[in-house]
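>>> 3D model of this:
(2 chains)
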Amino acid sequence: MNRQQIADIFTEVATFLELRGDNPFRVRAYANAARTIENMPEDLATLAAENRLTEIKGIGPDLAAKITELLTTNQLRFHAELKASFPPGLLDLLRIPGFGPKKTKAVYDQLQVDSLEKLAAACQAGRVAALAGFGEKSQQKILEGIALLRQFSGRHHYHIALAAAQPVLEALRSHPGVLRCSLAGSLRRCRETIGDVDFLVSAAPADAAEIIADFVSLAGIRAVSAQGETKASVVLAGGIQADLRVVTDPQYAFALNYFTGSKEHNIALRSRALKLKNLSLNEYGFSPAAEKEKSAKELGSSIPCRTEEELYAALDLEYVPPELREDLGELAGTPLPRLVTKENLRGALHVHSTWSDGIESIEAMANAALDLGLDYIGISDHSKGQRQANGLDEVRLGQQAIEIKKLNAQFAKQGFRIFFGTEVDILPDGTLDFDDATLAKCDFVIAAVHSHFTLPADVQTQRICRALAHPLVTMLAHPTGRLLLEREGYAVNMPAVIACAAQHHKIIEINAHPYRLDMDWRLWKHAKELGVKCAINPDAHSIDDFQSLAIGTAIARKGWLEKKDVINCLPVKEVARILLQS
DNA sequence: GCCGTTTTCGGCCCGACTGTTTTCAGTCG
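This next block holds a predicted model:
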């Protein structure tokens, strides 16, 4: 049983305990343990064998024993008992917005409702409104929530949420009453998927109502779910939930920090404020812990901070970029990385052309890259196995080499270079779609899985690792296949692939293409720790695809990556040296 | 269920909004 499976079981235990009305701190202990296990780079089985599980923060004797039970028997009796005590469809009810464990328990106990279908039916029959604590309005909201759930999966890709948020942010910014405004929440933290979009605005209290009224009536707003004096929630077109908070300008830095999260980062920060300075921290400011009733909201912050930088400084901390705010070591006191930016990128090393399935010529792609300020691209069209993508055989690859040579002579005066590469198929047994003599003619070789996605994870891992061990392979493309929300990826043991890349000094690609964003940022943090270099690549099939490099750097920052960790942040001469020697 | 430079028990982050209520519980972030 791997770490993800163990984490999933602990998460379910936390949910069941919550449904049962158990001690909330016990619930949190399981939820925190799940998160910790999910994110730790060390091998659980090794730690268990050495009796060192309790050295992990948040794992005590009880949870250590439960981890050991899971590792040795592949199941957890406690979990099985809990699970057996609830019907299988009950957890679905928790996905309804505004519908939590207490309400779930109420409809289950009093109406025997244990699925979304039964809940919808009960609402339509008016039986939910009749329950104590429920009413007509909540019944209606439940029905709307179920409808929304059915229509949208609940989370959205980073680039889609960003596209939906930007016009709203512009509208807020142009409002005369708005002093400062920003994105917040998971979108500001650059997570690959976004639950809802958060906006924060500072304004004079007298202007708040008008700003909120204008926000909820913006074009493209599909529904208003809540509207108060300082806060409103709406559903944007496309079904994305969005929240706006309005605060005064002195509160802005505190509110921005608070609403950016993550929840775990906030808890850690508040604990630190209490422990270190005896100060209570909320979205309005710091206040002495003893004077809780006279909060920062009424008195103002006991330490005024105009910016988040000042807020962190007040807690003797270096500024933590939003991308790192996950309570994964960013408050440990060690110097934080200087995160990679889009401006750091010097080239792109995964570019297709009309030679295979791209829609532009090599020359057009090179010109587009040059216009963006890049110094080089690497052409990597598909190999012969990709027939549907018009993959190149050995003969056409040779012809392409001649064209690239000609183009390089032409581009040399602009200081631009085209590297000649291939995106060679990894065959089912882990061998490659070209022989060594052919591969040796390329400047660089990207290996990629494009078939047999359904192999068992250990077989898939062996297949990829065999390809990575090939001396002529430079880089692994889209390491987990396709995507998070579509679930079109392939099962693979990524820690093992990362370890393999570290052993053979191979590069792993962060595929920046919005629809092919590949890898969990936690794994990038792990890769960085092992010294594995990455390439932020657009997997460009058209000129527009270069725009997606910004998304790639967002994911890289999320994984704590710096310039030195990203191969295509290097100047062309150094990249040439690295590619040509391998 | 975990944790400890107030350490083996008694804490565990904090506030807004909603819908149901005559003062609050539930949910969310």
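
>>> Next up, the contacts around the closest residue to A:G559 other than its chain neighbours.
Once flanking residues are discounted, A:G559 sits nearest to A:W524: 2.5 Å by CB to CB, 6 or more residues apart in numbering. (C-beta placed from N, C-alpha, C; glycine too.) Listed by CB atoms under 8 Å, 6 or more residues apart in numbering, the contact set of A:W524 reads A:I510, A:C534, A:I555, A:A556, A:K558, A:G559, A:W560, A:L561.

>>> Could you export those residues as a markdown table, including pLDDT?
Formatted as a markdown table, these follow (pLDDT from 0 to 100):
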| residue | pLDDT |
| --- | --- |
| A:I510 | 92 |
| A:C534 | 95 |
| A:I555 | 89 |
| A:A556 | 93 |
| A:K558 | 90 |
| A:G559 | 91 |
| A:W560 | 93 |
| A:L561 | 95 |
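
>>> so which of these is the most crowded?
A:A556 (31 neighbours; other CB atoms under 10 Å).

>>> Does the residue nearest to A:F453 when sequence neighbours are not counted fall in a helix, a strand, or a coil region?
Excluding the flanking residues, the one nearest A:F453 by CB to CB, 6+ apart is A:Y490, at 4.2 Å. Under DSSP: H, G, I helix; E, B strand; the rest coil, the three-state class of A:Y490 is coil.

>>> just A:L439 next, same as before
Assignment for A:L439 (three-state DSSP): helix.

>>> go on, A:Q399?
From three-state DSSP, the assignment for A:Q399 is helix.

>>> cool, the one 4 residues further on as well?
Here A:E403 is recorded as helix under three-state DSSP.

>>> Name the nearest residue to it, ignoring sequence neighbours.
Nearest one to A:E403, counting by CB to CB, 6+ apart, is A:I362 at 6.5 Å.

>>> quick one: the one you found and A:E144, what's the gap?
When distance is defined by CB to CB, to the nearest Å, A:I362 is 52 Å away from A:E144.

>>> Of those two, which one has the most company?
With neighbours defined as other CB under 10 Å, A:I362 and A:E144 compare such that A:I362 has more, 23 against 17.

>>> Is it correct that that one is in contact with A:I418?
Yes. The criterion here is CB atoms under 8 Å, and A:I362 meets it with A:I418 at 6.7 Å.

>>> A:M475: neighbour count?
Using other CB under 10 Å, A:M475 has 29 neighbouring residues.

>>> list the buried ones in stretch A:342-351?
A:K342, A:N344, A:L345, A:R346, A:G347, A:A348, A:L349, A:H350, A:V351 (16 or more other CB atoms under 10 Å).

>>> mind listing which of the residues you listed are in strands?
Those of the buried residues of stretch A:342-351 mapping onto strands are A:G347, A:A348, A:L349, A:H350, A:V351, per DSSP state E.

>>> Max pairwise distance over these: which two?
Farthest-apart pair in these is A:G347 and A:H350; separation 10.5 Å (CB to CB).

>>> Find the residues that touch each one of those two.
By CB under 8 Å, 6+ apart, the residues touching both A:G347 and A:H350 are A:G378.

>>> Flag every residue of the stretch 51-200 of chain A that's near DNA strand B.
Neighbours of DNA strand B within the stretch 51-200 of chain A, by CB under 7 Å from any atom of the strand: A:54, A:57-64, A:78, A:94, A:96-104, A:129, A:132-139, A:141, A:185, A:195-196, A:198.

>>> The residues you listed in strands, which ones?
Short answer: those in strands (DSSP E) are A:D196, A:D198.

>>> For chain A, give me the ranges with low pLDDT.
A:151-154, A:290-295, A:481-489, A:518, A:582 (pLDDT under 70).

>>> Any idea which residue of chain A lies closest to DNA strand B?
A:G135 (1.9 Å; CB to the nearest atom of the strand).

>>> if I pick the residue nearest to that residue when sequence neighbours are not counted, what's in contact with it?
Closest residue to A:G135 apart from its sequence neighbours, by CB to CB, 6+ apart: A:A129 at 5.6 Å. A:A129 is in contact with A:C123, A:G135, A:E136, A:S138, A:Q139, counting by CB under 8 Å, 6+ apart.

>>> Next up, phi/psi of A:A129, please.
Main-chain torsions, A:A129, degrees, to the nearest 10: phi -60, psi -20.

>>> neighbouring contacts of the host helix or strand of A:I551?
A:I551 belongs to helix A:549-558 when assigned by DSSP states H and E. Here helix A:549-558 makes contact (CB under 8 Å, 6+ apart) with A:158-159, A:189-192, A:321, A:323-324, A:339-342, A:344-345, A:348, A:510-512, A:514, A:517, A:519, A:521, A:524, A:534, A:536-538, A:565-566.

>>> List only buried entries from the residues you listed.
Counted by 16+ other CB under 10 Å, these give A:158-159, A:189-192, A:321, A:323-324, A:339-340, A:342, A:344-345, A:348, A:510-512, A:514, A:517, A:519, A:521, A:524, A:534, A:536-538, A:565-566 as buried.

>>> In strands, which of those residues appear?
Short answer: the buried ones among the contacts of helix A:549-558 in strands (DSSP E) are A:A348, A:I510, A:N511, A:C534, A:I536, A:N537.

>>> Turn those residues into TSV, including distance to A:V235.
Conversion of these to TSV gives the following (distance: CB to CB, whole Å):
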residue	distance to A:V235
A:A348	36
A:I510	31
A:N511	31
A:C534	36
A:I536	33
A:N537	35
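
>>> Tabulate the CA atom coordinates of the helix or strand containing A:F411 in PDB.
A:F411 belongs to helix A:394-411 when elements are defined using DSSP H and E. Provided in PDB are the C-alpha atoms of helix A:394-411 (Å, rounded to 0.1, in the frame of the first residue of the first chain):
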ATOM      1  CA  GLU A 394      14.500   7.900 -40.300                       C
ATOM      2  CA  VAL A 395      14.500   9.300 -43.800                       C
ATOM      3  CA  ARG A 396      12.300  12.300 -43.000                       C
ATOM      4  CA  LEU A 397      14.200  12.900 -39.800                       C
ATOM      5  CA  GLY A 398      17.300  13.300 -41.900                       C
ATOM      6  CA  GLN A 399      15.600  15.700 -44.200                       C
ATOM      7  CA  GLN A 400      14.400  17.700 -41.200                       C
ATOM      8  CA  ALA A 401      18.000  17.900 -40.000                       C
ATOM      9  CA  ILE A 402      19.000  19.600 -43.300                       C
ATOM     10  CA  GLU A 403      16.100  22.100 -43.000                       C
ATOM     11  CA  ILE A 404      17.100  23.000 -39.500                       C
ATOM     12  CA  LYS A 405      20.700  23.400 -40.500                       C
ATOM     13  CA  LYS A 406      19.600  25.900 -43.200                       C
ATOM     14  CA  LEU A 407      17.300  27.800 -40.800                       C
ATOM     15  CA  ASN A 408      20.100  28.000 -38.200                       C
ATOM     16  CA  ALA A 409      22.400  29.700 -40.800                       C
ATOM     17  CA  GLN A 410      19.600  32.200 -41.500                       C
ATOM     18  CA  PHE A 411      18.800  32.900 -37.800                       C
END
